[in-house]
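Visitor: Okay, predicted coordinates and the sequence, questions at the end:
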Amino acid sequence: MLKKISAENIKELRSKTGAGMTDCKKALEASNGKIEIAIEALRKKGLASADKKSARIAIEGLVESYIHAGSRVGVIIELNCETDFVARQDNFHQLAKDLAMQIAACQSVKYVSKNDIPKDIITYEQNIEFEKEDLGNKPKEIKNKIAQGRLIKRLNELSLIDQPFIKKPEISVDDLIKQHIALLGENIKVRRFQRFILGEGLESKNDNFAEEVSNMINNK
C-alpha cells in the first residue's frame with residue numbers, strides 16, 4: 001500500500017536537500033515516503049542542493065555554437081556560471097554543447113523558460129486553444145479545462161528547460177542543468193540563444209524583389 005505524501009514530508013525533504021518541490025514529491029512517491037531513500041535518489045540525480053544555488057548571480061560562462069550535419073541549421077548559446085574556473089571545466093563545455101544541440105533539434109523552442117514568454121504570445125496561444133472547433137459543443141467548464149491543459153502543453157513546447165533531454169529523455173533539460181549545478185557547485189543559467197536555419201526569411205525578400213522589378217517594368 002502506497003503511503004500518502006503530505007506537504008510536511010515534502011517540506012522536510014526540501015529543507016534537507018534544497019531540491020525543488022516537484023522533485024521532492026516525485027522522490028517521496030517513488031520511495032513510498034521514506035526520506036532517506038528519497039534523499040539518496042535526489043543525490044543520484046544531482047538534484048539535491050541545486051535549487052539553493054539557483055538564486056546566486058551567474059556572470060561568467062561561455063558562448064557555444066553547434067552546426068548540424070549538412071550545415072543547414074546552427075545554434076549559438078550563452079551559458080552562464082559564477083566563476084571563470086567552472087567556465088573552463090570540460091563538464092560545463094559539454095553541457096553548453098548539449099544544450100545547443102537540443103535547441104537545434106527542437107525547432108519549436110523559442111524561449112529559455114515559460115517565464116520568458118511574453119504575455120501577448122500567451123494570450124495568442126490561449127485564444128487559439130479556446131477557439132478550436134473540437135471544443136465548440138462542450139460545456140464551458142470542460143472546455144476551459146481542456147483548453148488550459150493544451151495551453152500548458154503548448155507553452156512547454158516553446159520552453160527550452162521544459163523539453164525532454166534528447167540524449168536522455170527520462171529527464172528534462174531543467175533536470176540536466178540542475179545535475180550540473182550540483183556537480184560543479186555553482187549556479188548555471190542559460191541566458192540566451194539564437195537558432196539559424198539556412199534560407200530562413202529569404203522567400204519573403206524574393207517576393208518583394210519580384211514586386212519591385214514588376215513595378216519598374218510597368219513604370220517604363
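Guide: Yep, it's here.

Visitor: Can you report how many residues lie near the closest residue to Thr83 other than its chain neighbours?
Guide: Closest residue to Thr83 apart from its sequence neighbours, by CB to CB, 6 or more residues apart in numbering: Glu60 at 5.5 Å. Where C-beta positions appear, they are placed from N, C-alpha and C, glycine not excepted. Residues within reach of Glu60, counting by other CB atoms under 10 Å, total 17.

Visitor: Return the set of residues that bridge with Glu60.
Guide: Cys81 (DSSP bridges).

Visitor: same question, the one 4 residues further on
Guide: Using DSSP bridges, the bridge partners assigned to Glu64 are Ile77.

Visitor: hey, which helix or strand in the protein has the poorest pLDDT?
Guide: Here the helix or strand of the chain ranked lowest by mean pLDDT, DSSP states H and E is helix 202-218, holding a mean of 55.

Visitor: ok so Leu79 is a strand residue?
Guide: Yes - going by DSSP: H, G, I helix; E, B strand; the rest coil, the assignment for Leu79 places it inside a strand.

Visitor: Assess the claim that it and Gly61 are in contact.
Guide: Yes - between Leu79 and Gly61 there is a contact at 5.1 Å, judged by CB atoms under 8 Å.

Visitor: Find residues that contact each of those two.
Guide: By CB atoms under 8 Å, 6 or more residues apart in numbering, Leu79 and Gly61 have these common neighbours: 92, 191.

Visitor: In terms of neighbours, single out the busier of those two.
Guide: Between Leu79 and Gly61, Leu79 has the larger neighbour count (other CB under 10 Å), namely 26 against 23.

Visitor: Tell me how far the more buried one lies from Ile122.
Guide: 26 Å (CB to CB, to the nearest Å).

Visitor: Kindly report the same for Gln148.
Guide: Applying CB to CB, the value for Gln148 to Ile122 is 12 Å.

Visitor: ditto for Phe92
Guide: Distance from Phe92 to Ile122, by CB to CB: 32 Å.
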